[in-house]
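>>> Any chance you could fold what I've pasted below:
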Amino acid sequence: MYIDKLHIICHFDFKGINNKDEKLFFFASDISIYLLKSDKYSYILQILAFSIPFFVLNTILLSILNGQKQIREYIILTIMLGMVSLVLVTYLSVHYAVEGALIAYVANQSVVLFVTLF
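Modelled structure (predicted):
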């Protein structure tokens, strides 16, 4: 089952995703100034650009589980992902305030991808 997932991941084409990620990464400062009227959070947009492919992979893997009618694994994994997200957001919010909460929400999919793979 996991070998099939990795086989699909290895043959997935990310050309369209990387192009948009590059724009978000390199223009993060301009986007931050336009949206937030400050350059202070531009690094969070760069983290978001880095995590978009992980978000896509996580969604693909969950869709594969759902499509293969492995509902029990899908439900267990969804609950585990919710718990990991809760812990990550809570921890970073408490220790790093607003910036920690933003980083947690942006980097969340990168972290939960590893939970999905294992």
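
>>> Who are the contact partners of the closest residue to residue 40 other than its chain neighbours?
If you skip the residues right next to it in sequence, residue 40 has residue 32 as its closest partner in space, 7.4 Å away by Cβ to Cβ, 6 or more residues apart in numbering. Where you see a C-beta, it was placed from the backbone N, CA and C, and this is true even at glycine. Residue 32 is in contact with 38-42, 44-45, counting by Cβ atoms under 8 Å, 6 or more residues apart in numbering.

>>> repeat that for 10 Å
Residues touching residue 32, when contacts are defined by Cβ atoms under 10 Å, 6 or more residues apart in numbering, comprise 38-46.

>>> same question, residue 44
Residue 44 is in contact with 28, 32, 36, 99, 102-103, 105-107, counting by Cβ under 10 Å, 6+ apart.

>>> Name the SS class of it, please.
Here residue 44 takes the helix state, with states given by DSSP: H, G, I helix; E, B strand; the rest coil.

>>> Worst mean pLDDT across the helices and strands of the chain, which element?
For the chain, the helix or strand with the lowest mean confidence is helix 2-10, at a mean of 43 (criterion: mean pLDDT, DSSP states H and E).

>>> what about this protein, any weak spots by pLDDT?
Scanning the chain for pLDDT under 70 picks out 1-24.

>>> how much space is there between residue 74 and residue 98?
Residue 74 sits 33 Å away from residue 98, taking Cβ to Cβ, to the nearest Å as the criterion.

>>> Kindly report the same for residue 69.
Taken as Cβ to Cβ, the spacing of residue 69 relative to residue 98 amounts to 42 Å.
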